[in-house]
Each structure stands twice: as C-alpha cells, then as structure tokens.
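Trainee: kindly return the folded structure for what I paste below:
(2 chains)
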2 protein chains.
Amino acid sequence: MTELPESKVDVLIIGAGPAGLMLALWLSRLGVKTRIVDKRTAKVYSGQADGFQVRSLEILDSFGVAERVWKEANRMLEVSFWNPDENGTIQRSAKSVNTIPGLSRFTESVLHQGRIEQFFIDGIRASYPSNETPLKVERMVIPTSLEIDEAAAEDPDPEAHPVTVTLRHLTEEEATPTQMLSNLSDGIFRSNLAEDDVAGILDRSKGREARDEVVRAKYVVGCDGAHSWTRKALGKEFEMKGESTDAIWGVMDIVPITDFPDIRFRTMIQNTAGALMIIPRENRMVRLYIQLKEVSAGGGRVDRSQITPEIIFKSAQRIFSPYKLEYHYCDWWTAYQIGQRTGDHFSKLNRVFLAGDAVHTHSPKAGQGMNISMQDSYNLGWKIGLACKNILPRDVLSTYELERKKIAKDLIAFDGKFSKLFTGAPPKDIQSETGVSDDVFQKAFHTSRMFTTGVGVNYQPTVLVAKEADADPETEDDLPNTPTKSAAKSTQSLATNCKLGQRFPSYKVIRQSDARLWELHHKLPSNGRFRLVVFGGDISQPAQRDTVNALGAWLSSYLPKLPTIALGPASDPHSGLIKFKTDADPSIVDVVLVHSAPRDEIDLLRDVHEAYHPFDSKLGWDYDKVFSDGKTFYEEPERAYEKYGIDSGKGAVIGLRPDGYVGLVTPVGYDGAEQIQKWFDGIFQRS
Amino acid sequence: MTELPESKVDVLIIGAGPAGLMLALWLSRLGVKTRIVDKRTAKVYSGQADGFQVRSLEILDSFGVAERVWKEANRMLEVSFWNPDENGTIQRSAKSVNTIPGLSRFTESVLHQGRIEQFFIDGIRASYPSNETPLKVERMVIPTSLEIDEAAAEDPDPEAHPVTVTLRHLTEEEATPTQMLSNLSDGIFRSNLAEDDVAGILDRSKGREARDEVVRAKYVVGCDGAHSWTRKALGKEFEMKGESTDAIWGVMDIVPITDFPDIRFRTMIQNTAGALMIIPRENRMVRLYIQLKEVSAGGGRVDRSQITPEIIFKSAQRIFSPYKLEYHYCDWWTAYQIGQRTGDHFSKLNRVFLAGDAVHTHSPKAGQGMNISMQDSYNLGWKIGLACKNILPRDVLSTYELERKKIAKDLIAFDGKFSKLFTGAPPKDIQSETGVSDDVFQKAFHTSRMFTTGVGVNYQPTVLVAKEADADPETEDDLPNTPTKSAAKSTQSLATNCKLGQRFPSYKVIRQSDARLWELHHKLPSNGRFRLVVFGGDISQPAQRDTVNALGAWLSSYLPKLPTIALGPASDPHSGLIKFKTDADPSIVDVVLVHSAPRDEIDLLRDVHEAYHPFDSKLGWDYDKVFSDGKTFYEEPERAYEKYGIDSGKGAVIGLRPDGYVGLVTPVGYDGAEQIQKWFDGIFQRS
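Mentor: So this is what the prediction gives:
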C-alpha cells in the first residue's frame, strides 16, 4: 500500500452547515489556516432550518453578513393564537407581539438555510485579501478515522498538531443520499426519522482508499449534525442521551392559497383535529408544522413509508377547517419525531470539539436549532483562533464546554416543555382541565421569549467574565474544568443593563468627528479584538475629563504590553471599503469612548487623550473612536446612557470579549484601571 | 471595400458614465434590447464625481442599488464655515445642518464614481433571468458616424430603426488617453482643461476600418460627456453656449494628516490666501477643492503644465494656515476652470437624445454633475423603454427636453451664482462691503439646498402631469414641442405634500397582512409601472369603506383595458428573492392602498375589495398591496397621512409616473375615477 498524502492545518472543520460555516467564518476573519469538509454534494437548496433569532442576526451583523438576511428574510412581528370556540370552530383568541420590543434592532426572521449558507460563503471570501485564495468548502469529503495523540494534546507549544484525521474524497454518486435521488423536495433524508447514511456512503466508496489523505490538525471540530461521525469517533462516553416521544410532526413549505386571515402572521392553531404552527416566510411561502395524529412511532421508529406529503397536507386541511387551504407550489416537506438529546462532553482534551446538532438535538418548532448551533461555534471560534495565534493560553478553550453545555441543557428543557404544551389536546373551552389551556400556552410562550431570542444567554464566572457566581446553583456544580476565576472585581451597579456574562446590547451613538449616528455594535465587529467601551460621562466637566484622560494615559502605557493582532480586509465591515493601510498591527484590545457631554462643547483633538484617537504617521488621527450620546439635526435623542443603565455624569468602563459578551464592569477612575489590568492579565498572561 | 457587419438594436447608448449606466439600468429592467459602448478601456477607479444628492439615492434605491452606496459612502450631515477673524486668523463662524432634515430618508453622501459604476453594472446584471446573457458595457468602442433617416424618424411603427451609427472597435493602445499613460492618479485628462481626445483616438485608429460595424437603432442616446461626440455629430445647432471665468481650481483626494478640527465635516474656508472646500469621504479620505490664485486662464485656456499637485497642495496649506496639513496618500488630483454651458436642444426628432454633461457643464463643487446627469437619463429611460415596447406613444418623448432643459438652466444659473459667491474675496470682517460676507454666503448656501438635493425638481404640465401651469412664466414660454396637456383635473389641496410635478415623498406605512413597517418608496420600485396610491382614509367607517371598494370595483373593470407589462427578476428589488412565478403579465398600472383605519379592525380579505389584493390561481391572494398608517408594537407612529398632507378621514388618490413623480391628485370617489380615466387615457390611448 502506498503512503497517503499528508498535510497540516490549524483547524479542520467537519460539516459545512450553519455551525461549521460560522466557525469557518470566524477563523477566516482571524487569518487562521483552516479546512472545512462536508459529505454532501452541495449546499441546501430549500427547506431545512429557517428561523433567525435576534441574537443570531446580531452575530451575523458583527461579521457584516446580516444585511442580506435582514433584507430577504420575512420578519415575524406578531403572533396569533387560534383555539376552538364553544361550537368547536377555531377562532383567534389572542394576537400579540412576537419579539420583545426594544430587545434588539432585529426581530425574529425567516429565510431558508441555503441562503444563509451562501451568505456565510460570501462572508468567508470577503475575509481574504484579493491576492489570496479564500477558504472554500471541500464537498464530497468524509472522514474515515480520527486519532488524538494524548501526550501531544497537552503540549503548550502552539505549533503542536496532535489530531490526525483521514479524509476520503468521494465521487458525486457516492456522496448523494440514495433517497434524494428520487425526490428533490423531500427532506426526510435529513430528518431524525432517517437512519445515519455515513455507513452507506463508506460502503459505496469501499476499495477507493487511494483517494484518502491524512490531515494533521491542531484542532478538529465536529459540526456534522445529529448523526455526527466525529461524536461517534470520540467514543461511547460522547453518546447523546435523552428521550423521544411517540409524537410525529410533518413540515411543509408551500405557497398557500387560503382564506385563513392570519396566514402572514406566526400563528398557533389548536384544533380538535390537532395542532399546527404557521411560520410565514420569504417568497410568499409559509412553513406549516403539522401534528400527525394518525401516525405514531409507537415506542420505536416510525415507518417512513407511512408519511407522504398528501397525508401531511390532509392533516393541515383538517386543522385549518372551516378555512380552506390549497396550494400549487410545494417547495419542500419533511417529518420528524419529537425528542430531545444532549451529550455530557463537548470536547475531548480541548483538541476535538463538538458543536450544534452533533451534541444536542430537539424538535424544530421553536426555531432554535440553527441558532444555537451557530452560537455554539461563535463561542468557540475566537477561542480556538486566538489560541492558534498564541494570543490566548489553551486552557481558555475549556470555557467552551462550560458555557455552551448549560445552553444545551436549557434548550433541551425548554424544548421538552414547549413541545408537550404544544401537543397537548386543546381544551373544549378555556376553563377545561383536561387539555392545555390557551392561557397557559400563551403564558409559556411569552415567558420563553428571553431564552428563544438568544439574548438571555448568561455565561458563568471564569477568567473571561469577572463576576460573582450567579444565584443559580446549577451553574456551579458540574463544571470540573472551570478555568481560573478572574482576579478582577466588577461593579455591576455602574451599568445595570450591561449584564456580566450577557451580550452587550446595541444603542445608537453619535460620532464626535462627523455627527453620524451609529449602532454601537457596528463599531464592535467580530475581528478577534477585546474591547474597552469607556463610557466617559460628562467630559465637559473638567474633573471628569481629567479622570477620563488619566485613564487614557494609563491605557497608552498598559496596552502596548498586551499582544497585537493582524486585521484582515473585512475586519471593519460596517465602515465600507478600506483602501489605505498602515503597517503596524493594533493591540488585541480596542478602545472606544462614548461620552455624554454636549457634542459641540468637545473638540476631539484638544479635549480628549490620544488613547481615544490614536495617531498614525500615514493615516493621521483616528476619527472613528469617540462617540457622544446626545442629539443631532436629524434624529431624536437615543439616550444611550439611560438605556445602558449608566450614570451620565461619572460613566463606567465595560470590558467586552471578542464575541461581545460583557466580562468586566468597572469605574472610569484609577480603581477601574486596576481591575482592567487584573482582567486582561488574567486572560493573556497565564501559562 | 467589404460590407461592414450590420445589426439592429432598440437603443444604443454612447458613453458608460453615470448617465449612460443609469439609462442602461432602466432599459435592462424594462427588458429593452440595448447596447452601451464606451471609448475608455475601463471604468473609473478613483476620483471623478463623488457626491450623491438625496434624490439620486432615492432613485438608485428604486432599483435596489442604493444599499451599497449608502453603506460605503461617507454621509455629510453638518456643514461648517470658517472665515478670518479680525487678526486674519481663520475661525469657525458657523456650523449648521447640511441636508434639510425630514426631506428624505437619505442625506448627502460621498463615494467615488468607480464604486457607483460597479453598482450600476451589478444592478444591470440582476435585471436578467439567470438563463439570459445580461447587457454588458462594450468598452474601447467609439462611434464614427451617425445618420437619422428623417422620413423614418416620424414613423409611428414601433419597429422602425431610423438611426444608423458606425462603431469602431479599438485596441487598448488606441483607447488609452495619451496623458494617462504617464500618471494614473492624474485626472486632468478628463477635466475641462483637457482637449477633446476623440480626434486623437480616431487618428490613432486610422486604417482600421475593417473593425467597424453598423448599428441600426430605434433610439440613440449620447451620454458621452462634455466633449460629446454625439452632440457634435448632430450639428452646429446643438453646440453648447455659456461663459467661462478665468478662475482655476485644483482638486485633491488625500488622506489628510491635520490638526484642523472640522476635517470630517463639509467645510468652507474663506481665507485671505483663497477659498477651499473640504468634502470628507470614504476610506479616511477628504476631497479638497482649492482655489488656485496664482494660476489664471487669462481669458483663454490655461497652460496645463503650470498645474501640478505640488502647486495645488501648497495653496491648500496656505488656506489651512495656521492649521497644519500634510498627507502620505494621495488618491487622485485634477484641476478645472469655472464655467457654465448648456445646449438649446436635448434631442433631434425624438430619435437621438443627449443627457448629462453632453448637454450641460458647470463647476463640480456643488456636487451636482453626476446627480443631474443620472437624473436626466432616469427621466428619459422609462419613456424610451415604454415607447420601444409600444406601451407609450412616441410623442411622450418630447417631455424629456421639456422637463430636463429647465433643470439644466436652473443648474447653470445656480452654479454661476454659487461659484461667484464662493470665489469672492473674503471680507476682513463681517461688515466689509468689498467681499462676500460669510453671512451672505451662508444664506445663499442654505436657500440653494432644495435645488441641490434634487428634491425641488418640479416638472411642467403635460399629458404626464395633470396640473395647471405654475406661476413661473419661464416654464411655459420656450417649449414649442409641449405634448398635449392632460384632460384630467387634479385637486392639489387633497394632498398638500404630494406636489404635482414633484417626486412623491416616502414615509413609512405598515403592511396590513403582517404588521411590517415599510418605506412606501420600497413598494413603488422602478419597474416601468405607473401607480395609483389610494389613500383610502378611515375604512373602518362603512361609508368610506364603500367608497374605497366602489373605486376598487371600477378599477377592476377599467385597468384590464390598459396595456400589460412583463416584469423581470429585479422588478421588486426590496422584497427579496422571487422564486415562484405566475403566468399573467400585470397591468401597466399598479394599485397600492394605504388606509388610516385602526389596523386590527380591518380584515384584508373580508373588508377590502379584491382590486387591492388581487387573486392568482397559483400564488393565492396578494398580501403586499394594502398598508395602514398607525402604530405597531415596535415603532413610534409615523403619521404618514399627516406627512403626506392628506385628510385621514376621506383620503385621496395619487397618480404616479414610473419615475415616481406625481401626475394626478384626485378624490377617492367617483369623480376621482373619472379623472383617473382621463389621465391614463390621455397617456396611453392617443395616436
């Protein structure tokens, strides 16, 4: 047997769905040498996941790739509840807001997975200078073996490549799911009713080992879905556990022809014939989630041949009755069995990781799957990337499992509860004790929203988040790997709406140099940098100005001791083209000043320390780092200080991780400087 | 001599600058067979025109191509005025708003011409189905002869091709301006200080007639700039007339290194050393317009060798003094002589047209050139396009000269005044009688803004605009070709902010079917359709609802008598992807209903006539045609009725041309129907 070709890579990503592509995007923005392989022949063209929660849109926007989603997606603004009246005829029992107003500049939106996969690919391409070949998804490639050199795994040398993976390059025929050959719009082959097809693929490609290659990687991430090959390769202890119910639901994407009045609203119908959810989407389509009462898993796997679009649609028609429902166009359909499973381990030796469906699965109706999956790898990407670049010590990687396992558990718990509520028989009338009352259902729906938007995520105290333990005892218990706590002490009360461990919200601020209003998030893009957002307070007051400038002076001497980071072409995606470059790499910590003084009383160069408008010998002063909270000729005042919960006189300093989560809240003065130093030293200076 | 190859085309566009590209975009959206040729080797890469007025952004947005401009461009929000104080040191004398707040959702913005040319090209490509070859700019092609068959020119047959043009295909060497070979960032070769280079190009390509071809066109449009070959080919009567001053100005695009505080604001500096304007732009650049006191045309043409970037920059430094000004990066520079010229004729026989700089030139400082040029061909495009498709009678084409010559004259008058004011020696103090006082200058600046934004444009009464003559006598006099006036009578008082002859403004309205807030402009894209915006008033009141629905019933019987229009893939650019199609072409008149009733009291299918939510056998009801003015869970009320100046009880119907200009204002009731019929019959049924 001939030797297989061998190569090295920093990170190998297995699976190019939303979780894998998000990771690839992060790593391409950070300039990390990456490969991403997928067993399928092409990206998804219709159906699959479609709901974007607001936090996911914020994250995509932090890479500059949310605009097209936001433009093309259908936005779900209101939700409608329909229940049988005393005669058993469905009627609207309530209509209310779908996303909590003021939570984010985005609202829940719907667009099919193929489009977002395209935007990821475009976003990856934009990460590279025009003279470099961008990272591309290598399709029709499947891993056949994975080994970790356990001794080398703990090697602190950032150039260690302890994971070895064999990859097989498939032909189109080998890679095509057999079922897909017969019906393109049938999504059952990806549903949880389908068997794993990896064995079949390997079987079809037997005897073709000549097309194998060996890859040595620093890190490998399995984003390969519910049937994850990577998870299986890691061994029995990585098996997911959970429960399945017998309930089977059908899903159809159709252009509806109907007289149902709320067809363009997100709508929950509970009828005696079953339950149904309408998700209005782009292209005049709606997605219908339809309870299939006549099909049951009966304690095991359901007979897939029982499930046809005709059966699913007939159920939908019964639930819609007395309203009419027909269609001419059906874009996609599938079915799934309700169940929730998750794994105990998200990583092995902090060298091989699992993300997305590979480590937690659940039912799709709450629109969480794609979102939590993307957020998994958004959490992981910068940690792996900065570890590869030797900017972060490797043990920061253990915060991935710590932070995301809690989310997965919350998700599983939420989904179990939500699914049961939704499938409960509807009450004949609102007082009924036998079913789930509309009232109970609505209440559950609304209380779940902070979780389902993704904005409620709250990470635990670690070296990355300088806070005391939350009251929730669950947070603390099962976390043997917790990295060292931060030595810094935060003062949460200085910024009551910038919650430690939660995502920093975005409000609008005015750029001092040109009066333009900006979403503050647009000045904090995902490019690997930590941030200090210095809310400087009223710097028209000499004492406060002196305090802010003293901090500036201290930062000017402290920041050069920290690592620097090379920024690529897409590192500032909201400021348009970057044509002119300077030579020096900036600090890993970016400083942004937001003051509350009257804008016209402040002269940027005269009043504010150079730390807040650094000078460059080729580009002059930086005019893009100082903002004010006040009024313009064009817009109503935003009152950002008030919304951030910060005193407009004395301000506060907010420390942000590269993913935009709050890690430190501290005063502007000397005590703040001390905490800032403790926080960053704790992150960068360990070893 | 061998026969030259011959071909036919509907429209031949000569010149692929902003005017030519705007026309090509319109025609590609309308599905008209078009060619566009340009003598240059490539699009502009730096420098040239850069200012986007708000109306231009609205127009680009109507094709779905404004988003990238709006993202990448620098927005100019405030304007600053600097003058010498009593000691002769410049100081800020005023800072104020740059664009009138509330005028538009856009503000004046700056981005270099090469980017917008790229966006046009992308917008053209999006106009074609994926299986068709999109219109492409044919570069290095120059016309060598143009003839109009005058007898055929008046042929009402829409298939007549009375214009014959010979085109020559150049080599790269022949097409490259000789001066450009020496210095890429030098823009003088395109400035009005440069000689016409067409003769030189023809000279270099002599003896290459074998590469000529003959094109027979229905229409030819010369968008070929100040030295327009097309204009010259039309004969002496098309010569531009006007005056030049001796004043020479330099222009530089640099990344400034300066301690001048207002460097990121649009700023006018009047110093004893001369006058200067700062235009802050994208990519950390500023454009400086710099008066060159030491260079003069001296009654004739200036010696171009006198003008170097060093001389221009030294002037700038003197004017900036005592502030320091340096640079490391210079992207582009040029110089020009102030002067204003325009032609008496914008078309020959309504078969050959001139647009943009080919028919009016002036100085660039007010940021008007590219804007007025694009707006010329925006006015012309739909008229030619719908004439080619036999939807509009040919005589509508004479409204082009009528409408745009007035704008050109206004522009010339404005520019002469503005340039003189700006070049006037600054007063030693504000009381001085010898110079232009800062106060006078500021006042002139502010009063000119309605004109410079492009929003003030007011077209005359014609068959397209059913109004009485304006008070301005100039409007009426010199217009022998005026097409028939409309037989319809408007009632302007019903919609006081929807001015007849002016662009319909955009405010936000809520979609009835899903509660999403939309800019009303986004529901009125440039796709060739006329519009009836039915402000239906309070349709929760039965009498008003009956009136609105009676109009709907009448429209359902009237509209099918009008022509239909085929819509291409980009005909609804703000609603994302259009995946599912129906077979029937829609009416040339699109109907949109905006009511003022409480949204929750209206059931779209039950309460509103089908004319406002047409049914399609494949796609179901249209949920995208009815909007309300009210509140949502997410936004403050827009009060659109109030902003449009329309009574929220009884409403009004607004008739719009395909370019978004108001052509009719009439009541919702039967009298309105009569006027609607008169207006459309007058437009479509003549011959």
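
Trainee: hang on, residue A:245 is in a helix, isn't it?
Mentor: No - according to DSSP: H, G, I helix; E, B strand; the rest coil, the state of residue A:245 is strand, so it is not within a helix.

Trainee: residues near the residue in the stretch 51-200 of chain A that chain B sits nearest to, how many?
Mentor: Closest contact between the stretch 51-200 of chain A and chain B, by CB to the nearest CB, is at residue A:72 (3.5 Å). Every residue, glycine included, has its C-beta placed from N, CA and C. The number of residues packed near residue A:72 is 20, by other CB atoms under 10 Å in any protein chain shown.

Trainee: chain B contacts on the stretch 1-150 of chain A?
Mentor: Residues of the stretch 1-150 of chain A lying near chain B by CB under 8 Å from any CB of the partner chain: A:67, A:71-78, A:95-97, A:99, A:101, A:107, A:111, A:115.

Trainee: can you give me the helices for the stretch 451-600 of chain A?
Mentor: A:474-477, A:542-558 (DSSP state H, counting those that start in this stretch).

Trainee: pick the most buried one from the ones you listed.
Mentor: Mean neighbours per residue, mean count of other CB atoms under 10 Å in any protein chain shown, is largest over these for helix A:542-558, with a mean of 17.

Trainee: tabulate the CA atom coordinates of that one in PDB.
Mentor: Taking Å, rounded to 0.1, in the frame of the first residue of the first chain, the C-alpha atoms of helix A:542-558 are listed here in PDB:
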ATOM      1  CA  PRO A 542     -13.000  69.400  34.000                       C
ATOM      2  CA  ALA A 543     -12.800  66.900  36.800                       C
ATOM      3  CA  GLN A 544     -14.500  64.100  34.800                       C
ATOM      4  CA  ARG A 545     -12.500  65.000  31.700                       C
ATOM      5  CA  ASP A 546      -9.300  64.700  33.800                       C
ATOM      6  CA  THR A 547     -10.400  61.300  35.000                       C
ATOM      7  CA  VAL A 548     -11.100  60.000  31.500                       C
ATOM      8  CA  ASN A 549      -7.800  61.400  30.200                       C
ATOM      9  CA  ALA A 550      -5.900  59.900  33.100                       C
ATOM     10  CA  LEU A 551      -7.400  56.500  32.200                       C
ATOM     11  CA  GLY A 552      -6.300  57.300  28.600                       C
ATOM     12  CA  ALA A 553      -2.800  58.000  29.700                       C
ATOM     13  CA  TRP A 554      -2.700  54.700  31.700                       C
ATOM     14  CA  LEU A 555      -4.100  52.800  28.700                       C
ATOM     15  CA  SER A 556      -1.400  54.300  26.500                       C
ATOM     16  CA  SER A 557       1.300  52.700  28.700                       C
ATOM     17  CA  TYR A 558      -0.500  49.500  29.600                       C
END
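
Trainee: now it: average pLDDT?
Mentor: The average pLDDT within helix A:542-558 is 97.

Trainee: the stretch 351-500 of chain A: strands as residue ranges?
Mentor: Using DSSP state E, counting those that start in this stretch, the strands of the stretch 351-500 of chain A run over A:352-354, A:360-361.

Trainee: which ones are touching the closest residue to residue A:417 other than its chain neighbours?
Mentor: Spatial nearest neighbour of residue A:417, excluding adjacent residues (CB to CB, 6 or more residues apart in numbering or on different chains): residue A:444 at 7.0 Å. Contacts for residue A:444 (CB atoms under 8 Å, 6 or more residues apart in numbering or on different chains) come out as A:417-418, A:421.

Trainee: give me the buried entries from the residues you listed.
Mentor: A:418, A:421 (16 or more other CB atoms under 10 Å in any protein chain shown).

Trainee: so which of the contacts of residue A:444 are in helices?
Mentor: Counting by DSSP state H, those place A:417-418, A:421 in helices.

Trainee: quick check, nearest of those to chain B?
Mentor: Chain B lies nearest to residue A:418 out of the ones in helices among the contacts of residue A:444, by CB to the nearest CB, at 21.9 Å.

Trainee: assess the claim that the closest one and residue A:448 are in contact.
Mentor: Yes - contact criterion CB atoms under 8 Å: residue A:418 and residue A:448 qualify, at 6.5 Å.

Trainee: picking up where we left off before, just the pLDDT at the residue nearest to residue A:417, thanks.
Mentor: 72.

Trainee: what mean pLDDT does stretch A:161-170 have?
Mentor: Averaged across stretch A:161-170, pLDDT comes to 96.

Trainee: scratch that, stretch A:350-358 is what I was asking about
Mentor: Average pLDDT, stretch A:350-358: 96.

Trainee: first-to-last residue distance for it?
Mentor: 16 Å (CA to CA, to the nearest Å).

Trainee: now do it: distance to the chain's middle.
Mentor: Stretch A:350-358 sits 14 Å away from the centroid of its parent chain (CA atoms, centre = their mean, to the nearest Å).

Trainee: for stretch A:141-151, same thing?
Mentor: Offset of stretch A:141-151 from its chain centre (CA atoms, centre = their mean): 27 Å.

Trainee: strands of the stretch 551-687 of chain A, residue ranges please.
Mentor: For the stretch 551-687 of chain A, the strands defined by DSSP E, counting those that start in this stretch cover A:589-595, A:615-616, A:620-621, A:626-628, A:652-656, A:662-666.
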